[in-house]
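Would you be able to build a 3D model of this:
(chains A, B and C)
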Amino acid sequence: MVSAFGDAWLGLPPWGTAAGLYLLAGLCLALLLTRQGHPTGTALSACVAWPLLLGLLQARPAQTGGPLAVRIAAAFQALEETLPAQAPEAAACVGELTALRASLSAADQRLRVADRILADPCLQAGESGAVRADLDTLRAARDRAAAEIAEVLGGVHRLRIQVGMLALTEIRGEAAGVVEHHLRQLHARVRAIEELSSLGPP
Amino acid sequence: MEPRTLPTLAAAVLAHPHRLLDDDGAALSRLAGPLLLLTTLCAALFGLVVGCYDGGWQLLWAALKLPAVLLLPLVVTVPALRALHARDGEPAGLRRTGLAALVAIARVAILCTAAAPLLWLVYSLHPPYALAILLLAGGLGLCGLPGLTFLGRALGSGRFAPTAATVLLVGVVIAQTGWLLRPFVVTPGAEVTLLCPRAGDVFSGLGVRLFGRVRVDDAGVPRDCAERGYVPRGGGSW
Amino acid sequence: MEATQPLTLPGSARPLAGLLLLGLAGAAARPEVAVVLAALPLGLTIAAGVMSAPLLFVLHQTLGLAASPGRMLSALGEGLRAAGSLAGGLAPVVLFFALTSMRGGQAMALGLAWSGWAGLRAARGALCRVEAAAGGERTVAVAALAEAWCTLCAALGLRLAWLAWHGLPTT
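Okay, the predicted model is just below:
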């Protein structure tokens, strides 16, 4: 004879209510996912495992975003917000800013590729000394490139500070020159990163 | 090449799970359904074998409950996993965490299915009840270790401390979920129920099994759902 | 490049919310003292930090270390962020044990200890980083100071937790 459930199960809240709320949340997510065009199987899965699928609600990150993508986006967004307000005469430099950001993002993507290779357990488990040496070389090059990107981002932050200082001193007309000068320097650094990346193993 | 059928997905989960996590979880939308289906089927099959110890309705109940034993802990621990594997102050990505968790638990479920024939062989010899419980817990632990280790490594890029913490945290929650949804193995002759009344927790229960410490007197033949183990003084104080 | 993010009120809201969530999860184990339990992780963290911070500043200045007080505060904020983030993540696990066993309080205590340890580790690292970023060369001194402060903070936190636990009414 099979009995149903034990008595006095969960006290507060009753397990039935908790389960019902959980399934309701899952159903809402399932409907959202269906509207967003996700596969039916995924939407059905959301009914039972919705906390694992919450990430699908996020705007899809840049498919090729690297490990520093968030910091790059934050740094340039802050500068792009500062420039028009503090240095309107430097508005012409926005195009150069965009180009700089694209170059940095490309360098960041290359970091991502390197990270994937370094994280591959098949390579890590390799016992060949040559493989390990190559991985060490790749790791060192990756760290150098990451440090350079971080330096460029630091330069972007310093540029923003410079623009703010110029705005405080009310020295108009110099902002455009300062911004251009800094951007040229940053472009030069990014080109150096690209040259580093183009240097292959002997 | 992305797996297109359940067998190829299972092979990918076992042989190259890291490759399923490319693009920081961009494949979550495509793989979530198949991974959940794979986990559910494998866990249900394992549950069927576990229920063979008693037979009858226990076959169905164990097959229904074992997928929940594997999936519910993920739901509870995902926020903790994201925080444990934070880098530079940023929690691990939601997509990547969700996908890694699904791949990891699918790996556990597949390993459990692989171990099912061995478990059936032992259960067919009708071992004592306490030994059957310990074998089940031990088997789940052995099958769980590779999957949870993968989860820790996938999120933490191989750092030891977060990986160990992941294994410990998810393992403990799986154990407690198993305790919550017991019984899976029923003493022959005892009443078969879907669930037992809430009594103690997995730590007190295992303490009884391992060290035989019974704080409450048994009355007659032990029933599967008899209250054993530690009873807190005053009925609730910790 | 900045070694740490500055400590601001909006930036502190998330970690503080995480600590509050941990307390709320533990409060499910004992609804009769829910308010006290809910405030416990947040209160203990703030109390331990506030009590130990002045000594850290005094020793820092006495040793003649290079980082500014603002940077030091940012470093402590980094610890708070790490602790709050982990506390918020562990809240569902604590709630799970609170609802399904009699171990809710123990789970909350473990979660708080774990979060505190993670926060202290993060703060320790950040203190060393801000000193290095400020051009300081006394790495041994700042590392020793950071370790000593972490030990003091942990001792204060444990003692306060002990007093709070024994102050709770038993049912």
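
Residue C:116 against residue C:45, yeah?
Yes: with contact defined as CB atoms under 8 Å, residue C:116 counts as touching residue C:45 (6.9 Å). Every C-beta, even on glycine, is put in place using the N, C-alpha and C of the backbone.

Spit out the residues that contact those two alike.
Jointly contacting residue C:116 and residue C:45 under the rule CB atoms under 8 Å, 6 or more residues apart in numbering or on different chains are C:83, C:157.

contacting residues around residue C:157?
C:44, C:45, C:47, C:48, C:116.

With residue A:73 instead?
Listed by CB under 8 Å, 6+ apart, the contact set of residue A:73 is empty.

Now do the SS call for it.
Following DSSP: H, G, I helix; E, B strand; the rest coil, residue A:73 is assigned to helix.

looking at it, residue A:148 is touching residue A:186, isn't it?
No: proximity of residue A:148 to residue A:186 does not meet the contact threshold set by CB under 8 Å, at 10.9 Å.

Which helix or which strand is home to the residue of chain A found nearest chain C?
Nearest to chain C, among the residues of chain A, is residue A:154, at 4.0 Å (CB to the nearest CB). Here residue A:154, judged by DSSP states H and E, is contained in helix A:129-169.

that older thread, quick check on residue A:148 and residue A:186: which one has the bigger neighbour count.
Legend: neighbour count by other CB atoms under 10 Å in any protein chain shown for residue A:148 and residue A:186, higher for residue A:186 (23 against 19).

I'd guess that one is in a strand, am I close?
No: Residue A:186: not assigned to a strand; according to three-state DSSP it is helix.

Show the contacting residues for it.
A:100, A:152, A:155, A:156, A:159.

Now do the nearest residue to residue C:160 once chain neighbours are set aside against residue C:154, distance only.
Excluding its sequence neighbours, the residue lying closest to residue C:160 (CB to CB, 6 or more residues apart in numbering or on different chains) is residue C:44, at 5.3 Å. Here the criterion is CB to CB, to the nearest Å. By it, residue C:44 lies 11 Å from residue C:154.

go on, residue B:15?
44 Å.

For the closest residue to chain B within chain A, give its distance to residue B:73.
Using CB to the nearest CB, the single residue of chain A nearest to chain B is residue A:41, 2.5 Å away. Look at residue A:41 and residue B:73: by CB to CB, they are 22 Å apart.

Looking at these two, which has the bigger crowd around it?
Neighbour count, other CB under 10 Å: between residue A:41 and residue B:73, residue B:73 has more, with 26 against 17.

So the more buried one: helix, strand or coil?
Here residue B:73 is recorded as helix under three-state DSSP.

Hmm, it is touching residue B:180, no?
No: in this structure, residue B:73 is not within contact of residue B:180 by CB under 8 Å, at 10.4 Å.

next SSE after the helix or strand bottoming out on mean pLDDT in chain B?
Ranking every helix and strand in chain B by mean pLDDT, DSSP states H and E puts helix B:22-25 at the bottom, with a mean of 62. The element immediately downstream of helix B:22-25 (helix or strand, assigned by DSSP H and E) is helix B:28-51.

now the chain, which segments are flagged as low pLDDT?
This is for chain A. Along chain A, segments meeting pLDDT under 70 span A:1-15, A:59-65, A:84-92, A:94, A:121-127, A:170-175, A:195-202.

I was thinking of chain C, sorry if that wasn't clear
C:1-7, C:169-171.

what ranges do the helices span in it?
Counting by DSSP state H, chain C has helices at residues C:9-27, C:34-62, C:69-100, C:104-133, C:139-167.

Pipe the ones you listed into CSV and attach distance to residue B:121 per row.
Below are these laid out as CSV (distance: least, CB to CB, whole Å):
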stretch, distance to residue B:121
helix C:9-27, 43
helix C:34-62, 49
helix C:69-100, 33
helix C:104-133, 38
helix C:139-167, 49
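
re earlier: the residue of chain A closest to chain B touches residue B:31, doesn't it?
No: with contact defined as CB under 8 Å, residue A:41 does not reach residue B:31; the gap is 9.5 Å.

What about the closest residue to chain A within chain B, how many residues nearby?
Residue nearest to chain A within chain B: residue B:33 (2.5 Å; CB to the nearest CB). Residue B:33: 21 surrounding residues under other CB under 10 Å.

Which residue lies closest in space to it, excluding its sequence neighbours?
Spatially, and ignoring its direct neighbours in sequence, residue B:33 is nearest to residue A:41 (2.5 Å; CB to CB, 6+ apart).

Can you say which helix or strand has the one you found in it?
Per DSSP H and E: residue A:41 is located in helix A:40-49.

what do you get for residue B:175?
Going by DSSP H and E, residue B:175 is in helix B:160-180.

Number of residues surrounding the residue of chain B at minimum distance from chain C?
Among all residues of chain B, residue B:83 sits closest to chain C, at 3.1 Å; criterion: CB to the nearest CB. For residue B:83, the neighbour count with other CB under 10 Å is 24.

part of a helix, is it?
Yes: looking at residue B:83 with three-state DSSP, it is inside a helix.

residues contacting it?
Contacts of residue B:83 (CB under 8 Å, 6+ apart): B:91, C:85, C:86, C:88, C:89, C:90.

Mind doing that once more with 10 Å?
By CB atoms under 10 Å, 6 or more residues apart in numbering or on different chains, the residues touching residue B:83 are B:91-92, B:162, C:18, C:82-91, C:115, C:118.

Got the confidence number for it?
Looking at residue B:83, its pLDDT reads 92.

ok, now how distant is the residue nearest to it when sequence neighbours are not counted from residue A:48?
Nearest non-adjacent residue to residue B:83, counting by CB to CB, 6+ apart: residue C:89, 3.1 Å away. Distance from residue C:89 to residue A:48, counting by CB to CB: 22 Å.
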